[in-house]
Structure formats: structure tokens, C-alpha cells
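A.B. asks: make a model of this:
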Amino acid sequence: MQNTALITGASAGIGRELAIIHAEKGGDLVVVARRQEQLEDLKAELESRHGIKVRVLVFDLTDRGAPSAVYQQLKDEDIEIEILINNAGFGGVGKFHQRDWNEDLAMIHLNVLALTELTRLFLPDMITRRSGKILNVSSTASLMPGPLQAVYFATKAFVTSLSNALAYELRGTGVTVSALLPGATGTEFARVSGMERSPLFQKTASARRVAEEGYNGMLSGRLNIISGLSLWQRFRLAFVPLLPKSIVMSEVKKLQQTR
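C.D. replies: Residues are numbered from 1 along each chain as shown. This next block holds a predicted model:
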């Protein structure tokens, strides 16, 4: 396999679009998700349309041993990963003390632990080769606290912070780390998180647009790639660091509330 990208959460949404974009550019793929049927359909489509190779790995990355199993399987098969895209993640709305703890724990495992472990596993090989790119899918939610999605916002703050720190550490190694920070995007996220009737998701960016901006930003080594926002939303976001936290959190809470 050549110029191989490993993409987690590739069965739908932004992850699926990222896989399509990489295939369009002639790169091979390792796609990881829980849903085998969707991955096999994607494999058949991309191999037939673009003449590339796709390796399907069915794993639930909320399982503690899944990241190391993914890494070891690819090492055993002598598949070299040039691009790592940590896209898998999910959210959930509700007051922290009322939400199901096991669901939030799984969120932390997927959004934080799996992403961090996969990065830690594949990064040394990239540094040795002096070649590699990592794209961690975060969120504009990472830039502020998130009442009614407290855990999700916190996990994404971790992702952006980690990505930025690693990018600085890796200067001069030939390896880059970028964070993709989408706004509300037309994927399964709103339905899974219970946010489909919230004001935030009444108008969304397309998953293809976000994936294209993320992929191109990764190729150019950009630090943070903010995507899927209108000009007005970008203007408001720019003022978040300047406003009192109480005002920011009041506005965020309103956007999370379902109708």
C-alpha cells in the first residue's frame, strides 16, 4: 500500500468524506469503525472508482485495547501509515449530573484516550521516517466551556491543546500535527448527541466542505483549521476570548437547548 491514510470513524460523516478525498488523490486507505457493512461498502466503492487499496478494520475504539490492536495488526501486515486522521468521536447533551456516566466515560475513552494512544503509537514511526501527517478532528467547541455538553466540550479542548503542543514539539522532524475545528456540520452527530432540534443545528455546513478544508489544511501543515462557519459565526468566534466567561457560557447554553 502507498501513501496510506488511517482514518477512524470512517463509516459516515466527515470521516467518510476524508476517505473519499484521499482516494480521489490516489492514496490507499485503512478505514476503522464499528460498522463493518458501511466500511465494506466504502471499500468496494473507492477501490472500484479510484483503483486504490482499502484495508477495513472493524474495532470499537471505546474498548481499552483497541488502539494497540489496530497498531499491531498493521505492523504485522507491514502497512506503513503516512497520514493518521483521528476522526472518531461523539457527543451527548444534558446536565452532567443527570447524564448516563457510562456514556460519558465511553465519550472520554473515544474522544481523548483512543485519539491520544493512536497518536502515541504511530508518531515514533513517522519521526523515524521524518515523514508523516496527523489530523485530529476537534471542534470549535474546544474554544469555550459548554454547559449541557460539559464533557464533550472538555474532550475537544483536550484534543486541540494536545494537537497544538505536539505540532510545536515536532518542528523540524518532518512530521506535522493539525487540528480540524468544525462548527455544526451535517452528519450523524446531531442525532446521536440529541442535538438535532437545537438552534445550533438548524443550519449546518456540509461534511464534504469540512473534510476538504481539513484535508487541505493538513497537507499544508496548518495548526488549527476552523471550518464550516459563516462569516458572522467567525466574527462572533473571534470575540470569545475577549468576553467574560459568564456571557459566553450563557450563549452556549442557549444554543444547546432543544426545542
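A.B. asks: stretch 158-168 - what's its average pLDDT?
C.D. replies: In this model, stretch 158-168 has a mean pLDDT of 98.
A.B. asks: report the distance from that stretch to the chain centre.
C.D. replies: 13 Å (CA atoms, centre = their mean, to the nearest Å).
A.B. asks: would you mind writing the CA trace of it as CSV?
C.D. replies: Output of stretch 158-168 as CSV, limited to C-alpha atoms (Å, rounded to 0.1, in the frame of the first residue of the first chain):
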residue,chain,number,x,y,z
PHE,A,158,-8.0,18.4,25.2
VAL,A,159,-7.8,17.5,21.5
THR,A,160,-6.9,21.0,20.4
SER,A,161,-4.5,21.6,23.2
LEU,A,162,-2.7,18.3,22.6
SER,A,163,-2.5,18.8,18.9
ASN,A,164,-1.1,22.3,19.2
ALA,A,165,1.5,21.3,21.7
LEU,A,166,2.6,18.3,19.6
ALA,A,167,2.8,20.5,16.5
TYR,A,168,5.3,22.7,18.3
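A.B. asks: list the buried residues for it?
C.D. replies: F158, V159, T160, L162, S163, N164, L166, A167 (16 or more other CB atoms under 10 Å). From N, CA and C alone the C-beta is placed, and that goes for glycine too.
A.B. asks: need the max-distance pair from these.
C.D. replies: F158 and A167 (14.8 Å; CB to CB).
A.B. asks: returning to what we had before: can you tell me which of the buried residues of stretch 158-168 is nearest A114?
C.D. replies: V159 (11.1 Å).
A.B. asks: mind telling me what element that closest one is part of?
C.D. replies: helix 150-169 (DSSP states H and E).
A.B. asks: same question for L84.
C.D. replies: Using DSSP H and E, the element containing L84 is strand 81-86.
A.B. asks: elements contacting that strand?
C.D. replies: In terms of contacts (3 or more CB pairs under 8 Å, 6 or more residues apart in numbering; DSSP states H and E), strand 81-86 is packed against strand 4-8, helix 13-24, helix 115-129, strand 132-137.
A.B. asks: point out where the chain drops to low pLDDT.
C.D. replies: Across the chain, residues meeting the criterion (pLDDT under 70) sit at 185-204, 230-232, 234-236, 238-239, 242-250, 256-259.
A.B. asks: how about the helices in it?
C.D. replies: In the chain, the helices defined using DSSP state H lie at 13-24, 36-50, 66-76, 101-108, 115-129, 150-169, 189-193, 207-219, 231-238, 245-256.
A.B. asks: so which of the ones you listed gets nearest G183?
C.D. replies: Proximity to G183 (CB to CB) singles out helix 231-238 among these, at 6.1 Å.
A.B. asks: L118 and V70 touch, don't they?
C.D. replies: Yes - using CB atoms under 8 Å, L118 makes contact with V70 at a distance of 7.0 Å.
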